[in-house]
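> No letters, just coordinates:
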DNA sequence: TACAGTACCAAGCAATTGCTTGGTTGGGCA
DNA sequence: TGCCCAACCAAGCAATTGCTTGGTACTGTA
């Protein structure tokens, strides 16, 4: 009976297969060449249609990035929340948060790249204000994790928490610039090495 | 014979004060908004002249970034060479290379940002092939330093050199996104903390 | 058979872009 | 005084851009 047998999620603009396909094509181009630097004709060419035909599916080029970024962010922050709410010890939570990020890079490379490269500029528009909010939210997650780490004695007491947060954030996300899924290193390999360096340093003990 | 008796450096296009001024203005805009996203009218407005007047000083918008990036790179790699050729021990060389980078961020924020954000795209054009070459050169410098560190026992023997190189490179340069000269932290403060984390890790011993 | 809905095409418009061209201005210098 | 020249203006051109409009082909359903 469900009237929704024929799909349609309540919130999101209905998402057909073709729509998702086009968004994936756009995401790759946005990630590789930048948002502003990618034309609607580029996207249409890659999809094998004319540029005008894109507007059958989307309002504007902007609404394409919007949809790409917002749906990715929702998924990512759900994962963060799961870590925060778990009852692992402080160090384990930090490790999980790091691994989770590399996994996101593995599974949503284009989305991460777009966010890294375009968030600052896009965030200036009201429509993308949620990007800045998510950023603040992510900071709170990490500061909480690091604070707990300090208090529990898992982390060395002389750390500047704010700087450490930036260090971890940058280090983790910037890997999207070179990591390629299917390459020699899995995202787990990368996470292992990164955690080794992050936790114990590169110097010989 | 040389009809160029009156001034003119052999290579570089002659560099007047106004020229340098305009390049500094352009660099700031390129760094903040991206190269493609900055119009010649933006630059001209910021300089208080009309867009066409820029072409009295420069061939093209492209030649502006070219000049900005190439002159910065030359200065940076001269500094790297000095470290490589010194007779410090392996660990000291690594520390110096890290500090040198944060100093570059402090002194040439816009140039570093432009290089970080635009190198991939610009590098695809022949004119900017030197960007990729410089990248390879920088990799060689770091791999050499890390190899020496391993051989001398200064670094822990289980490190993946390639991954460690990327880790350091990313961590160091990405700081240009948030570091602001004149802020609470000097570039030396940042370098100190970064080196602490990098060398000894964040975990409690 | 009639009709509706999806996905697309063909053509083009208005704005923005990098850049060009032919001038004007004002200071330095012989 | 006459001339040069760096620095700039005023106007606009050709290409590229995001997006619109009116139409067409095809598919599924009643």
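All right, it came through fine. What you are looking at is a predicted structure, and each value in this text was computed from that prediction instead of being measured.

> Please see if the longest helix along chain A touches chain B.
Assignment by DSSP state H gives helix A:61-85 as the longest helix of chain A. No: under the criterion of C-beta under 8 Å from any C-beta of the partner chain, chain B is not reached by helix A:61-85; the shortest gap measures 14.0 Å. Using the backbone N, CA and C atoms, a C-beta is placed for each residue, glycine as well.

> per-residue confidence at the one residue in chain A that gets nearest to DNA strand D?
For chain A and DNA strand D, the shortest gap (C-beta to the nearest atom of the strand) falls at residue A:52, measuring 2.6 Å. Here, the pLDDT recorded for residue A:52 equals 91.

> before we move on, what about residue A:90?
For residue A:90, the model assigns a pLDDT of 93.

> From residue B:51, how far off is it?
Look at residue A:90 and residue B:51: by C-beta to C-beta, to the nearest Å, they are 56 Å apart.

> ok, those two, which is more surrounded?
residue A:90 (19 against 15; other C-beta atoms under 10 Å in any protein chain shown).

> what sits against that one?
Neighbour list for residue A:90: A:145, A:148-149, A:151-152, A:154-155 [criterion: C-beta atoms under 8 Å, 6 or more residues apart in numbering or on different chains].

> where does the spatially most central residue of chain A land on pLDDT?
Chain A has residue A:112 as the residue nearest its centroid, 4.0 Å off, counting by C-alpha atoms, centre = their mean. pLDDT, residue A:112: 97.

> mind checking which helix or strand it is in?
helix A:109-122 (DSSP states H and E).

> who's in contact with that helix?
Here helix A:109-122 makes contact (C-beta under 8 Å, 6+ apart) with A:24, A:27-28, A:30-31, A:34-36, A:65, A:68-69, A:72-73, A:104-105, A:128, A:131-132, A:135, A:173-174, A:176-177, A:179-181, B:33-34, B:37, B:117.

> Contact residues of chain A facing DNA strand D?
A:38-41, A:51-52, A:55, A:59-62 (C-beta under 7 Å from any atom of the strand).

> will you turn those residues into TSV that also has secondary structure and distance to residue B:86?
Below are those laid out as TSV (DSSP: H, G, I helix; E, B strand; the rest coil; distance: C-beta to C-beta, whole Å):
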residue	secondary structure	distance to residue B:86
A:38	coil	45
A:39	coil	49
A:40	helix	53
A:41	helix	53
A:51	helix	56
A:52	helix	61
A:55	helix	61
A:59	coil	59
A:60	coil	55
A:61	helix	51
A:62	helix	51
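
> between those, which is closest to residue B:161?
Closest approach between the residues of chain A next to DNA strand D and residue B:161, by C-beta to C-beta: residue A:38, at 35.6 Å.

> if I look at the closest residue to that closest one other than its chain neighbours, how far off is residue A:68?
Distances taken as C-beta to C-beta, 6 or more residues apart in numbering or on different chains place residue A:29 nearest to residue A:38, at 4.5 Å, with adjacent residues excluded. In this view, residue A:29 and residue A:68 are 11 Å apart by C-beta to C-beta.

> Within range of chain B, give me the residues from chain A.
Close to chain B, as judged by C-beta under 8 Å from any C-beta, chain A has residues A:33-34, A:36-37, A:91, A:117, A:121, A:149, A:153-160, A:163-164, A:166-167, A:170-171, A:174-175, A:177-178, A:185, A:190, A:193-194, A:196-205.

> mind running it again at 6 Å?
Residues of chain A lying close to chain B by C-beta under 6 Å from any C-beta of the partner chain are A:36-37, A:153, A:155-156, A:160, A:163, A:167, A:170-171, A:174, A:193, A:197, A:199-204.

> orientation of whatever helix or strand residue A:94 lives in relative to helix A:109-122 in degrees?
Element membership of residue A:94, judged by DSSP H and E, is helix A:90-107. On the basis of axes from the mean of the first three to the mean of the last three C-alpha atoms, to 10 degrees, helix A:90-107 is oriented at 100 degrees to helix A:109-122.

> buried set for helix A:90-107?
The neighbour-count check on helix A:90-107 (16 or more other C-beta atoms under 10 Å in any protein chain shown) flags A:90-91, A:93-102, A:104-106 as buried.

> Identify the residue nearest residue A:201 in space, chain neighbours excluded?
residue B:201 (3.6 Å).

> Tell me how many other residues surround residue A:180.
So residue A:180, with other C-beta under 10 Å, has 10 neighbours.

> Look up how far residue B:197 lies from the nearest residue to it once chain neighbours are set aside.
In space, and not counting its chain neighbours, residue A:180 is closest to residue A:109: 7.9 Å by C-beta to C-beta, 6+ apart. Look at residue A:109 and residue B:197: by C-beta to C-beta, they are 26 Å apart.

> picking up where we left off before, just the buried residues of the contacts of residue A:90.
A:145, A:148-149, A:154-155.

> Format these as a markdown table; extra columns: secondary structure.
As requested, the buried ones among the contacts of residue A:90 are arranged in a markdown table below (DSSP: H, G, I helix; E, B strand; the rest coil):
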| residue | secondary structure |
| --- | --- |
| A:145 | helix |
| A:148 | helix |
| A:149 | helix |
| A:154 | coil |
| A:155 | strand |
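
> circling back to that earlier point, is the longest helix of chain A up against DNA strand C anywhere?
No: on the criterion C-beta under 7 Å from any atom of the strand, helix A:61-85 is out of touch with DNA strand C, staying 13.6 Å away.
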